[in-house]
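K.L.:
No letters, just coordinates:
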């Protein structure tokens with residue numbers, strides 16, 4: 001049975017401090033909870049507004065964040081689903097928002113680039129325009145982890161159920177969502193969306209969030225937090241409410257089997273829709 005941990009951070013626009021926080025939280029989680037697999041939040045390495053993305057973006061491999069996550073996986077013999085970092089794109093002024101996954105030996109086994117970009121104005125009038133500096137990915141990504149199929153998503157992807165139906169079609173058992181949800185949207189939408197995605201895909205859903213305030217060129221902003229682990233029935237089995245830290249839970253695939261037997265969504269979709277949606 002795979003034991004999982006989701007880590008909650010308060011990353012800011014100080015990369016060295018953020019990388020130090022990653023190491024401390026991962027090593028503390030390993031010491032106390034002994035997980036097999038660890039999920040970090042979106043922008044774990046730097047959070048200071050997407051306008052600065054290109055300036056802090058790293059090479060696809062070998063950068064500070066990539067090397068740290070790889071080393072932590074190898075040293076602690078755990079899987080690291082590395083939240084996301086800004087990855088150089090080769091296009092001036094543009095970067096990718098990228099998840100990289102490492103196995104217990106520190107070998108890269110998956111890479112996902114965020115597909116849906118956060119271009120919104122929230123209720124308090126704050127505008128976010130991620131696509132101004134971030135290139136969207138195009139690939140739906142899953143990977144095998146010690147008998148489980150894990151699906152990849154990042155933050156704003158959560159609002160687009162088609163992506164998660166695609167992950168379901170690829171037989172995902174667990175979906176990982178690193179995020180930096182805003183406080184205003186998070187307080188009303190974060191948990192309902194996570195639980196809905198878990199229920200409609202009948203997968204375990206693990207969401208690792210940023211929490212607290214951080215500075216951007218447009219002024220201070222605040223992330224919602226509430227990292228959580230949700231089972232395929234939609235029940236929250238572990239939650240980190242406020243502050244930095246982590247929570248852990250084992251992935252019980254026997255529960256997944258029972259849920260899928262009780263409500264056979266995948267089978268009914270094929271039988272009733274001819275497999276067209």
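P.N.:
Received the coordinates, thanks. Worth saying up front: this structure is predicted, and the values here are computed from it rather than measured. Residues are numbered from 1 along each chain as shown.
K.L.:
going forward, measure contacts between C-alpha atoms and count neighbours the same way
P.N.:
OK.
K.L.:
Ends of stretch 231-238, what's the gap?
P.N.:
10 Å (Cα to Cα, to the nearest Å).
K.L.:
Kindly report the same for stretch 122-136.
P.N.:
First-to-last residue span, stretch 122-136, Cα to Cα: 21 Å.
K.L.:
Now the residue nearest the centre of the chain: closest residue in space, sequence neighbours ignored.
P.N.:
Geometric centre of the chain, nearest residue: residue 178, 1.8 Å, by Cα atoms, centre = their mean. Nearest residue to residue 178 in three dimensions, chain neighbours excluded: residue 41, at 4.2 Å (Cα to Cα, 6 or more residues apart in numbering).
K.L.:
SS state for the one you found?
P.N.:
coil (DSSP: H, G, I helix; E, B strand; the rest coil).
K.L.:
what pairs with the longest strand along the chain, and is each one parallel or antiparallel?
P.N.:
For the chain, the longest strand by residue count, based on DSSP state E, is strand 95-102. Partners of strand 95-102 in the sheet, by DSSP bridges, are strand 79-81 (antiparallel), strand 85-88 (antiparallel), strand 108-113 (antiparallel), strand 134-135 (parallel).
K.L.:
closest one to residue 144 among those strands?
P.N.:
Nearest to residue 144, of all the strands paired with strand 95-102, is strand 108-113, at 8.5 Å by Cα to Cα.
K.L.:
which residues touch that closest one?
P.N.:
The list of residues contacting strand 108-113 from outside it, by Cα atoms under 8 Å, 6 or more residues apart in numbering, reads 70, 96-103, 136-143, 152-153.
K.L.:
Figure out which of the strands paired with strand 95-102 is closest to residue 265.
P.N.:
Closest among the strands paired with strand 95-102, using Cα to Cα: strand 108-113, at 26.1 Å.
K.L.:
what about the closest one, distance to the chain center?
P.N.:
12 Å (Cα atoms, centre = their mean, to the nearest Å).
K.L.:
Next, the buried residues of it.
P.N.:
Neighbour counts using 16 or more other Cα atoms under 10 Å place 108, 110, 111, 112, 113 of strand 108-113 among the buried residues.
K.L.:
now do stretch 126-135
P.N.:
Applying 16+ other Cα under 10 Å to stretch 126-135 flags 128, 130, 131, 132, 133, 134, 135 as buried.
K.L.:
How about the contacts made by the third one?
P.N.:
Read that as residue 131. 117, 118, 119.
K.L.:
List buried residues within those residues.
P.N.:
117, 118.
K.L.:
Among the contacts of residue 131, name the ones in strands.
P.N.:
Per DSSP E, the subset of those in strands is residue 119.
K.L.:
Please enumerate the helices of the stretch 51-200 of the chain.
P.N.:
Taking DSSP state H, counting those that start in this stretch to define them, one finds helices in the stretch 51-200 of the chain at 53-56, 64-76, 161-169, 183-201.
K.L.:
export these to CSV and tack on mean neighbour count and distance to residue 27?
P.N.:
Output for the helices of the stretch 51-200 of the chain, formatted as CSV (neighbours: other Cα atoms under 10 Å; distance: least, Cα to Cα, whole Å):
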stretch, mean neighbour count, distance to residue 27
helix 53-56, 19, 25
helix 64-76, 20, 8
helix 161-169, 18, 30
helix 183-201, 18, 27
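K.L.:
Which one of these lies nearest to residue 32?
P.N.:
Of those, nearest to residue 32 by Cα to Cα is helix 64-76, at 12.6 Å.
K.L.:
Go ahead and confirm residue 42 touches residue 85.
P.N.:
Yes: between residue 42 and residue 85 there is a contact under Cα atoms under 8 Å: 7.0 Å.
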